[in-house]
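# build me a model:
(one chain, ligands or ions: 1)
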Amino acid sequence: MKHHFETEAIRTQTERSQYLEHSTPLYLTSSYVFEDAEDMRASFADQKVRNIYSRYSNPNTSEFIDKICKMEGAENGYAFASGMSAVFSTLAALLNAGDHILSCRSVFGSTQTMFKNILPKWNISTSYFKIDEIESIERLIQPNTKIIYAESPTNPAVDILDLEALGSIAKKHNLILIIDNCFATPYLQQPIQFGADLVIHSATKLIDGQGRVLGGITVGNAKLIKQVYLFSRNTGPALSPFNAWVLSKSLETLAVRLDRHCDNALKVAVFLESHNKVNLVKYPFLKSHPQHQLAKKQMKAGGSVVAFEVKGGIDAGRQFLNSIKLLSLSANLGDTRTIVTHPASTTHAKLTEEERLQTGITGGLVRISVGLEHPEDIINDLKQALAF
Ligand SMILES: *Cc1c(COP(=O)(O)O)cnc(C)c1O
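The predicted model follows:
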């Protein structure tokens with residue numbers, strides 16, 4: 001990075017057009033024109049770097065990719081229609097039939113479904129390691145293992161994985177380390193520094209930050225991204241130029257938004273920790289978090305998500321949700337609006353109780369994606385909802 005994070009987020013821009021606009025305009029075009037037959041031939045032969053068709057590249061998506069690459073310290077990237085298309089296309093581009101993935105136990109719900117029900121169609125299998133058993137990963141490596149896949153902080157239990165330890169295991173065994181960095185964003189954590197080969201984001205969350213558009217991105221090692229690009233340009237999961245334009249503008253304010261999200265989340269976590277109806281609060285920058293030191297080593301601040309357990313199990317969790325007045329009951333996270341969810345009865349209801357407990361989801365676990373409302377109003381709503 002030439003300048004500081006905030007400056008790159010604002011000053012990385014697509015080249016100005018002849019109109020000398022200050023803010024990058026929307027390039028709603030599906031294709032581009034060529035000077036002559038030779039220009040067209042050379043472009044299709046990959047002898048020129050230029051836009052051909054917006055499934056391959058577009059000025060708005062390129063700007064978005066350039067920004068995330070600078071923020072993550074990555075060589076190159078490709079932008080997708082959603083976080084899940086980023087996860088699927090990245091894995092599909094890199095894996096062959098019969099390959100094996102090692103994944104942390106707690107990954108995003110749809111990613112888990114992909115590992116369990118979709119990738120096995122191509123005989124791709126997945127084994128899981130627990131967050132506190134990083135040392136045991138080496139025992140799980142098989143001759144056909146190709147990828148180590150992890151999220152940190154995890155969803156919804158907000159556990160932290162040791163990225164540096166994962167990086168050195170991946171390097172030692174020549175495996176590709178992929179980190180879903182959605183919860184932290186590149187402002188709080190840059191996994192490539194710790195040895196990740198590829199970083200995936202659901203841009204739908206904190207990168208958009210205002211609950212408007214879906215988007216996803218994979219950035220990292222240029223050779224691997226080339227494979228992801230060639231797979232994707234022919235299979236069609238590309239991000240729309242409009243969404244890329246929205247997301248690129250959002251990145252201009254990522255740092256200031258995240259500072260406030262993290263301040264608010266810490267205040268909410270401290271409040272919950274002092275409440276007598278709350279059993280346990282998980283927030284990476286609370287001293288009581290089991291991996292607080294590790295969180296401080298690899299993250300700049302604790303993020304926007306707080307998990308806590310309401311005393312009284314699954315019924316108390318539901319009752320708490322029913323008493324919420326201001327905050328939203330919604331499936332999203334990383335919005336300006338604070339969102340409260342009860343994983344055991346919703347997003348993770350299809351798992352068996354044993355599977356749920358393995359991912360740290362108890363009956364009373366509530367996940368709060370702390371937004372940008374005034375912290376006193378957020379806390380007052382939680383306070384009245386806990387008074388059931
Ligand atoms: C939301 C999310 C995804 C999926 O992203 P979409 O944009 O909803 O497809 C993947 N990983 C994590 C950690 C997420 O929170």
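# touching, H100 and W122? I think so.
No: counting by C-beta atoms under 8 Å, H100 does not reach W122; the two are 11.8 Å apart. (Glycine included, C-beta is placed from N, CA and C.)
# neighbour count: those two, which is higher?
More crowded of H100 and W122, by other C-beta atoms under 10 Å: H100, with 19 against 14.
# L119 versus that one, what's the distance?
Distance, H100 to L119, by C-beta to C-beta, to the nearest Å: 10 Å.
# repeat for V310
Applying C-beta to C-beta to V310 and L119 gives a distance of 35 Å.
# can you check the pLDDT for the residue in the stretch 251-388 of the chain that the ligand sits nearest to?
Relative to the ligand, the nearest point of the stretch 251-388 of the chain is L333 (6.2 Å; C-beta to the nearest ligand atom). Among the per-residue scores, L333 holds a pLDDT of 94.
# check contacts around it.
Contacts here follow C-beta atoms under 8 Å, 6 or more residues apart in numbering; on that basis L333 touches 155, 205-206, 304-305, 339, 367, 369.
# domain-wise, how is the protein divided?
Using automatic domain parsing, the domain ranges for the chain come out as 5-251, 254-385.
# looking at V310 and L119, which one has more neighbours?
Neighbour totals were compared for V310 and L119, and V310 leads with 28 against 20 (other C-beta under 10 Å).
# tell me where this structure has strands.
With DSSP state E as the criterion, the chain has strands at 76-80, 100-104, 125-129, 145-151, 176-180, 198-202, 216-220, 278-282, 305-310, 328-329, 339-341, 365-369.
# make sure W122 is actually in contact with I101.
No: W122 is beyond contact range of I101, at 11.7 Å (criterion: C-beta under 8 Å).
# contacting residues around T7?
Applying C-beta under 8 Å, 6+ apart to T7 gives no contacts.
# hmm, I typed the wrong one, I wanted I179.
With C-beta under 8 Å, 6+ apart, I179 has these contacts: 150-152, 163, 166, 191, 196, 198-200.
# that one and the ligand, how far apart?
Distance, I179 to the ligand, by C-beta to the nearest ligand atom, to the nearest Å: 10 Å.
# just K121 next, same as before
20 Å.
# and the pLDDT for that residue?
At K121, the model reports a pLDDT of 98.
# in the protein, what residue is nearest the ligand?
Per C-beta to the nearest ligand atom, G83 is where the chain lies closest to the ligand, at 2.2 Å.
# so the nearest residue to that residue once chain neighbours are set aside bridges to which residues?
Nearest non-adjacent residue to G83, counting by C-beta to C-beta, 6 or more residues apart in numbering: S202, 2.5 Å away. Beta-bridge partners for S202, by DSSP bridges, are G216.
# quick one: contacts for S202?
Neighbours of S202 in contact, by C-beta under 8 Å, 6+ apart: 82-84, 86, 108, 180, 182, 215-216.
# so among these, where is pLDDT lowest?
F108 (91).
# how much space separates the residue nearest to that residue when sequence neighbours are not counted from Q358?
Take F108 and drop its neighbours on the chain: the residue closest to it by C-beta to C-beta, 6+ apart is N155, 5.5 Å away. For N155, the distance to Q358 (C-beta to C-beta) stands at 14 Å.
# neighbour count: these two, which is higher?
More neighbours surround N155 than the other of N155 and Q358, with 24 against 14 (other C-beta under 10 Å).
# correct me if wrong: M84 contacts S110.
Yes: counting by C-beta under 8 Å, S110 is a contact partner of M84 at 5.2 Å.
# between the two, which one's more packed in?
Between M84 and S110, counting by other C-beta under 10 Å, M84 is the more crowded of the two (20 against 16).
# ok, back up a step: wait, which of the contacts of S202 is closest to N279?
F108 (24.7 Å; C-beta to C-beta).
# show me what contacts the closest one?
Counted by C-beta under 8 Å, 6+ apart, F108 has contacts 83, 87, 151, 155, 180, 182, 202.
# mind doing that once more with 10 Å?
By C-beta atoms under 10 Å, 6 or more residues apart in numbering, the residues touching F108 are 83-84, 87, 114, 151, 154-156, 180, 182-183, 200, 202, 347.
# and for G109?
So G109 contacts 155-156, 331, 343, 346-348, 350-351, 359 (C-beta under 10 Å, 6+ apart).
# pLDDT value on it, please?
pLDDT, G109: 88.
# can you give me the separation between it and A349?
Relative to A349, G109 is positioned 10 Å away (criterion: C-beta to C-beta).
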